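pasted the sequence and its predicted model underneath.
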2 protein chains.
Amino acid sequence: MAQRLDARDPDFPQAFADLLAAKREVSEDVDQAVRAIIEDVVARGDEAVIDYTRRFDALDLTADSLRVSEAEIDAAERQCSKETLEALALAKERIEVYHRAQRPQDSMTTDAVGVTLGWRWTAIESVGLYVPGGLASYPSSVLMNAVPAKVAGVPRIAMVVPTPRGETNPLVLAAARLAGVDEIFRVGGAQAVAALAYGTATIRPVAKITGPGNAYVAAAKRRVFGQVGIDMIAGPSEVLIMADRHGNADWIAADLLAQAEHDPAAQSILVTDSPELADAVEKAVERQLTTLPKAEIAGASWRDYGAIILVERLTQAIPLVDRLAPEHLEIETGNAEELARLVRNAGSIFLGSHTPEAIGDYVGGPNHVLPTARSARFSSGLGVLDFMKRTSILKCDADALRVLGPAAIALGRSEGLEAHARSVAIRLNM
Amino acid sequence: MAQRLDARDPDFPQAFADLLAAKREVSEDVDQAVRAIIEDVVARGDEAVIDYTRRFDALDLTADSLRVSEAEIDAAERQCSKETLEALALAKERIEVYHRAQRPQDSMTTDAVGVTLGWRWTAIESVGLYVPGGLASYPSSVLMNAVPAKVAGVPRIAMVVPTPRGETNPLVLAAARLAGVDEIFRVGGAQAVAALAYGTATIRPVAKITGPGNAYVAAAKRRVFGQVGIDMIAGPSEVLIMADRHGNADWIAADLLAQAEHDPAAQSILVTDSPELADAVEKAVERQLTTLPKAEIAGASWRDYGAIILVERLTQAIPLVDRLAPEHLEIETGNAEELARLVRNAGSIFLGSHTPEAIGDYVGGPNHVLPTARSARFSSGLGVLDFMKRTSILKCDADALRVLGPAAIALGRSEGLEAHARSVAIRLNM
């Protein structure tokens, strides 16, 4: 049973603050181990990658077999059901259309002073995509990372995916081909991150690494940051559902459990102004749990981190939503758009009762890689901009420099930077 | 004297690789000290901040005097010369106009299936701006950080600036007021970063911290990342100048030295197809150094990290530029636009011989906070987007869910996420 909070209780502010502060992640201290692995890969390249793969994945590779061959991808595709491949193709198509609209505009203007200025966006030259092995090996995540990179125009996408004892998820390979991944290497862990960041004889280095992973992968990404770019560090998934008395308790319970089944540290929260709905959802969760394959995980998440918050009016919930800054926000009310407009902090918003969050995980079109752990206060979901960068451009002619130069000289001197001032003055014969 | 490289030499690839790999930063290991300071500020709040300020800045404060008063800012403004204040106002105006054009568009469409989808950009709710004290206390940097935040619509901008022994740079306070900074606190170091990230009784927490600082500040920013957002970690500044035989050796030398005077670890590189220009620039640098106030710093930078690279044709230099990914790229040739179009990796490009980089530092309009240490391969200069975040929005009606639902169910099941599949199926009576 999840905890219950009531905004009318005098101790609510403290209870809500405790909910906000709850640490849902056990941070393993793997930093020293990861540091040694990275240094070893830098020093010994392929050989080190092969050694760690033998040790951690129980898999014997050679430099020649690090890369997954086209024939293997063909074979993987043949293993996938037609229905699933078609679903994957629909997802890819919709993700692509959504992200195409995110492509940024270049700008170039000449102002009244005669200065030509603006910027130009360019794709990152090469991107590495980390895909976890085993249970968390999701073909949908391959699409969500690779499609925006492709839409951005990234010329080279290299993917790494561990295949413990040689076990591969055929759908992951099929998704990679569908999304236009250029190279796939069957390695994982900190050694794969190090190989992507620094390069080996077989795995050429990339400029940025994206994709989720375990504690070792996260620590390795933090450590190679600077050498390459990285995306956000993903935490356990979250959903917050706002609903009024018209909400369908069974549907809402199903959505809370869809989040909870990801991870015992996932978090599902219902905020409602209806005590009746609160009770009905609670009962429905318990009922649905009895037949759920992942009942143990989902039950633990709901028990340890789930919450039902009762408010007098749903508009009162907006400041609470903004403080929680949920990764996923479902608004299942008649005035969903209206409430959504009031929200500042959320990774993704799902409007109305026919938009379960799972639609967004697969075929909605928006990205499912979203900010967790309250980071929607300051960051966005993955998108095309994460695979591009902007170069600013400035051009003065002699006249424009005459207009702007004196102010630059004054500011340079005020900051004690005489060479700055002189680089302008010398062109003005000052 | 800077090093000379010639692209026609057989050992050029290795020499260029060495230039790329040169470590220009001594990374001080201050992480343990910083960790203790942050924990102390979390535990003791204002009291800890006041203690560290006494110890590191030789300044006695109380909770009441942490914040700089309006009267003090008035007094600071009166200390500034009219000429400098006017230059600052011109800079602010031009930075504002440039960044206004960066404001992103929201998007909301309904597709053929009947799915309404898009995204909305919102400003980050509060931002902390770190401004270094002492010599590196630049009013121009206050503008470059605060103006984009203001243009983004950030409702609250809090600035911290250490004032060792109470010494304040009046222009920094004037720039803060001009740019619309809401609160200024006279504290710095890891203790200021901790206060902004976690909040104290006097300093309310922010959602993101930007701005440059010393090793302690950089380590503190890395450590609070996650609790709050941070901008890039800035390294020593760099310029790469491409010039042909028409280049003015004195002007180019002045630009190389303007970069070099920042820091002994700054880097200035000239790439040219003209051996005569190479020689002339080298002589001009030595000549100009003799009268430069910061000759010691600039001379050390030029000697230790400066380089002149000779190529046969300037188009051959483009792949070298992309590998160096310079923070600042000046192209002083007749066909500057043409060459610029070929470049993928640069923080900022300055076109033609009348656009010294110093113009961009102050009054050009583009931001002067730019990616260093080759990070222009994967990141952009500071801009309005750094102070906003994007929320994706999705809405299905019953019909749209009927179209998309089956694919979501298939993919959910293929990933072993039955509760995901059920959250869709339950709405379709499947």
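That came in fine, so what should we check first?

can you name the residues of the stretch 201-350 of chain A sitting close to chain B?
When proximity is defined as C-beta under 8 Å from any C-beta of the partner chain, the stretch 201-350 of chain A approaches chain B at A:207-208, A:226, A:228-229, A:233, A:250-251, A:254-255, A:257-258, A:260-262, A:288, A:292-294, A:298, A:322, A:336, A:340, A:343-350. Using the backbone N, CA and C atoms, a C-beta is placed for each residue, glycine as well.

buried only: go through those residues for me.
A:207-208, A:228-229, A:233, A:250-251, A:254-255, A:257-258, A:260-262, A:288, A:292, A:294, A:298, A:322, A:336, A:340, A:343-350 (16 or more other C-beta atoms under 10 Å in any protein chain shown).

what distance do you get for the nearest residue to A:Pro205 once chain neighbours are set aside to A:Arg67?
In this structure, A:Pro205 finds its nearest non-sequential neighbour in A:Gly199, 3.3 Å apart by C-beta to C-beta, 6 or more residues apart in numbering or on different chains. To A:Arg67, A:Gly199 is 14 Å away according to C-beta to C-beta, to the nearest Å.

repeat for A:Val311
In terms of C-beta to C-beta, A:Val311 sits 55 Å off from A:Arg67.

any low-confidence regions in chain A?
Residue ranges of chain A with pLDDT under 70: A:26-28, A:135-136.

need the longest helix for chain A.
Longest helix of chain A, by residue count under DSSP state H: helix A:82-100.

tell me which residues of it come out buried.
By neighbour count with 16+ other C-beta under 10 Å, helix A:82-100 contains the buried residues A:Thr84, A:Leu85, A:Ala87, A:Leu88, A:Leu90, A:Ala91, A:Lys92, A:Arg94, A:Ile95, A:Glu96, A:Tyr98, A:His99.

from those, which single one is nearest chain B?
Nearest to chain B out of the buried residues of helix A:82-100 is A:Ala87 (C-beta to the nearest C-beta; 3.8 Å).

residues touching A:Leu365, list them.
Wrong residue type there; residue A:365 is Gly, not Leu. Each residue near A:Gly365 by C-beta atoms under 8 Å, 6 or more residues apart in numbering or on different chains is listed here: A:Arg94, A:Ile95, A:Val97, A:Tyr98, B:Asp111, B:Val115, B:Leu117, B:Leu394.

repeat the analysis, applying 10 Å as the threshold.
Contacts for A:Gly365 (C-beta atoms under 10 Å, 6 or more residues apart in numbering or on different chains) come out as A:91, A:93-99, A:101, A:359, B:111, B:113, B:115, B:117-118, B:392, B:394, B:404.

A:Ile73 now?
A:Thr168, A:Pro170, A:Leu173, A:Ala174, A:Ala176, A:Arg177, A:Val181, A:Ile184.

and these as a markdown table, adding neighbour count, secondary structure and distance to A:Val42?
Below are those laid out as a markdown table (neighbours: other C-beta atoms under 10 Å in any protein chain shown; DSSP: H, G, I helix; E, B strand; the rest coil; distance: C-beta to C-beta, whole Å):
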| residue | neighbour count | secondary structure | distance to A:Val42 |
| --- | --- | --- | --- |
| A:Thr168 | 21 | coil | 27 |
| A:Pro170 | 17 | helix | 33 |
| A:Leu173 | 28 | helix | 29 |
| A:Ala174 | 23 | helix | 33 |
| A:Ala176 | 26 | helix | 27 |
| A:Arg177 | 16 | helix | 31 |
| A:Val181 | 24 | coil | 25 |
| A:Ile184 | 25 | strand | 23 |
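
picking up where we left off before, so which of the buried ones among the residues of the stretch 201-350 of chain A next to chain B are in helices?
Per DSSP H, these map to helices at A:Asp250, A:Trp251, A:Ala254, A:Asp255, A:Leu257, A:Ala258, A:Ala260, A:Gln288, A:Ala298, A:Asp322, A:Ala336, A:Ala340.

excluding chain neighbours, give the residue nearest to the residue of the stretch 251-400 of chain A at minimum distance from chain B in space.
The minimum distance from the stretch 251-400 of chain A to chain B, using C-beta to the nearest C-beta, falls at A:Phe378 (3.2 Å). In space, and not counting its chain neighbours, A:Phe378 is closest to B:Gly229: 3.2 Å by C-beta to C-beta, 6+ apart.

and A:Trp119, that's in a strand?
Yes - under DSSP: H, G, I helix; E, B strand; the rest coil, A:Trp119 sits within a strand.
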